[in-house]
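A.B. asks: build me a structure from this.
(one chain, ligands or ions: 1)
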Amino acid sequence: MPRPSALGRSPMAWVTGVMLASLVVLALAGPLLWGAAADRPNPSAVLLGPSAAHPAGTDGLGRDLLARVLTATRPSLLLALASVVLGATAGVLLGACTAVLGRRARRLTAGLINLLLAFPALLLAMFLAVVFGAGTTGAVLALAAAAVPGFARLAQTLAAGVAGTDHLAAARVLGLRRHRLLWRHVLPNIAEPLLLSVTTAAGTALVALSGLSFLGLGVQPPGYDWGQLLSQGLDRIYAEPLPALAPGLALLYAALAFQLLGEVLAGSAAGRGPVARIPAQRPAPSGPAEGGTVLQVDDLTVELPTPGGTIRPVRGVSLSLRPGEIVGLVGESGSGKSLTALAIADLLPYGARVSRRTLRLLGADLAALTRKERDRHLATGLSVIFQNPASALNPSLRIGTQLTEAVRTHRGASRAQATAEAVDALRRVGLPPAVLRSRPHQLSGGQRQRVMIAAGLMVRPGLIIADEPTTALDVTVQRQITRLLTDIRRDTSAAILFISHDIALVGEFCERVLVMYAGTVVEALPAARLADRTRHPYTRALVTSVPDLTAGRDRPLPTVEGAPPDPLAPAPGCPFEPRCPRRQDLCAEQAPPLDDLGAGHRVACWYPLPVTADTKPVTAS
Ligand SMILES: Nc1ncnc2c1ncn2[C@@H]1O[C@H](COP(=O)(O)OP(=O)(O)OP(=O)(O)O)[C@@H](O)[C@H]1O
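C.D. replies: Residues are numbered from 1 along each chain as shown. Have a look, this model is predicted:
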């Protein structure tokens, strides 16, 4: 929310504060100070004009109109606020839940919101006021119901932004239930714009409620609010304008105060600059690996619907990791690395279809588990470190809350125990316990990435998937993070799947490397072979295109000529064939199988390169 210091410097904020304070004082003190005069009939002073005794005149029973206007502040404000709170609560819950519902329920809810929005709000309020019955309760409920669609649409739109964030994905992997996702991860991140809307909606509700009372559908005699006083004053407006003007001015003053409040809060929020986008890390636990394998994936394929048709960005990928092993998954942008990781973590976007022959994590066949069991197994066995630590941590939560959430949810750990574990996890990644009290925006990029890694360690994962965890960091911090991952592997025996487009980094940091191209693994080999034993022309091209400091500065950097194939029009042959310097007829006709060359080396190429010793050494870029 806006900082008090920023608000304090704005003259408009001061004016707004004074106006709101005066309304609050009037609402509290009005009935006590002027309630008696407002209700006391005086047959000798009926329908008088303004005078010193009655500055706004009197009504048909001789009651002082100024006293009635001042006394009506409380009911007018309370009823308007009640209708806004009810309408906003229902609307926000309806709209925000679309971020955590399944596809079908989300569509139904979105359809319902669209349907409700088709009715003009004020007409709907009047209709409902008649249905609920003329009176205070009916008017408040009618206005609340009429406000629901607007708030629902706003919350739905805002929540859609949160739904695509890494930190919500991270929370899903943690296995948090939907209501918890909603309360902890969606609502806090959309609260600010919603609160701004609530303030302006309060002014609108005030006017609308007075309108219903004016029409005889709202507050009923002997009760009264500004709308009803306005209606009574209107009967004699040509003879005495003040009895109508006084409640009208009060209404205008209060509506303006709420409107200004919205403006001040919005201005302050905008001036603060964008909120650091969050996120964090994900989950994961530990468990015994079966047959010495932490992860076994065979023939993984992912299909995604796109406007141009269905694409298969991952096709028949197989990989396995043993405890304590660091395997690199490398390839140019769009080769399917992230989708492979997301498929393993069960985090694919809505609409994705996944098929696989085997998907075993820590001894469990994920396909054989129920949804709930799978979520729990993933939440306690797998940790995912996202590329952008600034967007992977929830900006609205303290680091301590984010670190302890998973262990408290899954292991039922007490707050003290979870905090002790969080301090230990932070220590392991080289951060002090004080970080627990920080929020993500108070940390540097490297510190956030360490926090993400610490969050993953909290569940003692058997497998850590690090999806380009160093791409957003400078080279020095990159080194610190890769060293940290190496230490973690040594200390915990967790296997690490390290995804990167930087083949030099992968060659240096990993033990085995899988090279992906156009959704398939084209070569798998020990990292030590990258320098001079690559057999696939694409891998060789990647290796030779790594710049080094000794290259002549006047010579252009080597690049891999051409572009990856169009995923909407896959060719039957080898996907690299159009760019391959060694292509022959067979390459365009048939995709090559991933042949085993022995010594952990496999290649998918009809005409693999001969082994040479003249390839340049791979050095970190
Ligand atoms: N939600 C989606 N809908 C449609 N296509 C998608 C979606 N997500 C990814 N793709 C496409 O799938 C392909 C593989 O994407 P993926 O993110 O796995 O690539 P990547 O190798 O990780 O690339 P990068 O290094 O840029 O992250 C790309 O062509 C991408 O455009």
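A.B. asks: okay, and the residue nearest to residue 468 when sequence neighbours are not counted sits in which element?
C.D. replies: Spatially, and ignoring its direct neighbours in sequence, residue 468 is nearest to residue 387 (4.1 Å; Cβ to Cβ, 6 or more residues apart in numbering). Quick note: C-beta positions are derived from backbone N, CA and C, even for glycine. Under the criterion DSSP states H and E, no helix or strand holds residue 387.
A.B. asks: now the closest residue to the ligand within the stretch 1-150 of the chain. Nearest residue, chain neighbours left out?
C.D. replies: Per Cβ to the nearest ligand atom, residue 103 is where the stretch 1-150 of the chain lies closest to the ligand, at 13.6 Å. Leaving aside its chain neighbours, residue 103 sits nearest to residue 350 (5.2 Å; criterion: Cβ to Cβ, 6+ apart).
A.B. asks: same deal with residue 588?
C.D. replies: Nearest non-adjacent residue to residue 588, counting by Cβ to Cβ, 6+ apart: residue 573, 4.2 Å away.
A.B. asks: which ones are touching the one you found?
C.D. replies: By Cβ atoms under 8 Å, 6 or more residues apart in numbering, residue 573 lies in contact with 586-591.
A.B. asks: filter these down to the buried ones, PyMOL style.
C.D. replies: Selection of buried members from the contacts of residue 573 for PyMOL, criterion 16 or more other Cβ atoms under 10 Å:
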select buried, resi 587+591
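A.B. asks: let me have the contacts of residue 573 in JSON lines, extended by secondary structure, distance to residue 19 and pLDDT.
C.D. replies: Putting these into JSON lines (DSSP: H, G, I helix; E, B strand; the rest coil; distance: Cβ to Cβ, whole Å; pLDDT from 0 to 100) gives the following:
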{"residue": "586", "secondary structure": "helix", "distance to residue 19": "81", "pLDDT": "92"}
{"residue": "587", "secondary structure": "helix", "distance to residue 19": "76", "pLDDT": "92"}
{"residue": "588", "secondary structure": "helix", "distance to residue 19": "76", "pLDDT": "91"}
{"residue": "589", "secondary structure": "helix", "distance to residue 19": "79", "pLDDT": "92"}
{"residue": "590", "secondary structure": "coil", "distance to residue 19": "78", "pLDDT": "91"}
{"residue": "591", "secondary structure": "coil", "distance to residue 19": "72", "pLDDT": "92"}
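A.B. asks: ok, so of the contacts of residue 573, who is nearest the ligand?
C.D. replies: Of those, the one sitting nearest to the ligand (Cβ to the nearest ligand atom) turns out to be residue 591, at 17.9 Å.
A.B. asks: surely that closest one and residue 570 touch.
C.D. replies: No: contact status for residue 591 versus residue 570: not in contact, 9.5 Å apart, counting by Cβ atoms under 8 Å.
A.B. asks: neighbours of the residue nearest to residue 103, how many?
C.D. replies: Using other Cβ atoms under 10 Å, residue 350 has 9 neighbouring residues.
A.B. asks: cool, and the one 10 residues further on?
C.D. replies: Burial of residue 360, expressed as a neighbour count using other Cβ under 10 Å, amounts to 21.
A.B. asks: try the one 5 residues further on
C.D. replies: Applying other Cβ under 10 Å, we find 13 other residues in the vicinity of residue 365.
A.B. asks: same question for the one 10 residues further on.
C.D. replies: Residue neighbour count, defined by other Cβ under 10 Å, stands at 19 for residue 375.
A.B. asks: that one is in what secondary structure piece?
C.D. replies: Counting by DSSP H and E, residue 375 is part of helix 371-381.
A.B. asks: how close does residue 343 get to residue 442?
C.D. replies: Residue 343 sits 34 Å away from residue 442, going by Cβ to Cβ, to the nearest Å.
A.B. asks: more crowded one of these two?
C.D. replies: Legend: neighbour count by other Cβ under 10 Å for residue 343 and residue 442, higher for residue 343 (22 against 13).
A.B. asks: so what's that one up against?
C.D. replies: Neighbouring residues of residue 343 by Cβ under 8 Å, 6+ apart: 300, 302, 314, 352, 354, 356.
A.B. asks: that one sits in which helix or strand?
C.D. replies: Counting by DSSP H and E, residue 343 is found in helix 337-344.
A.B. asks: and the residue of the stretch 451-600 of the chain found nearest the ligand, how many neighbours?
C.D. replies: Here the stretch 451-600 of the chain gets closest to the ligand at one residue, residue 501, 5.0 Å apart by Cβ to the nearest ligand atom. By other Cβ under 10 Å, the residues close to residue 501 number 17.
A.B. asks: what values do phi and psi take at residue 466?
C.D. replies: phi -110, psi 100 (degrees, to the nearest 10).
A.B. asks: perfect, that will be all.
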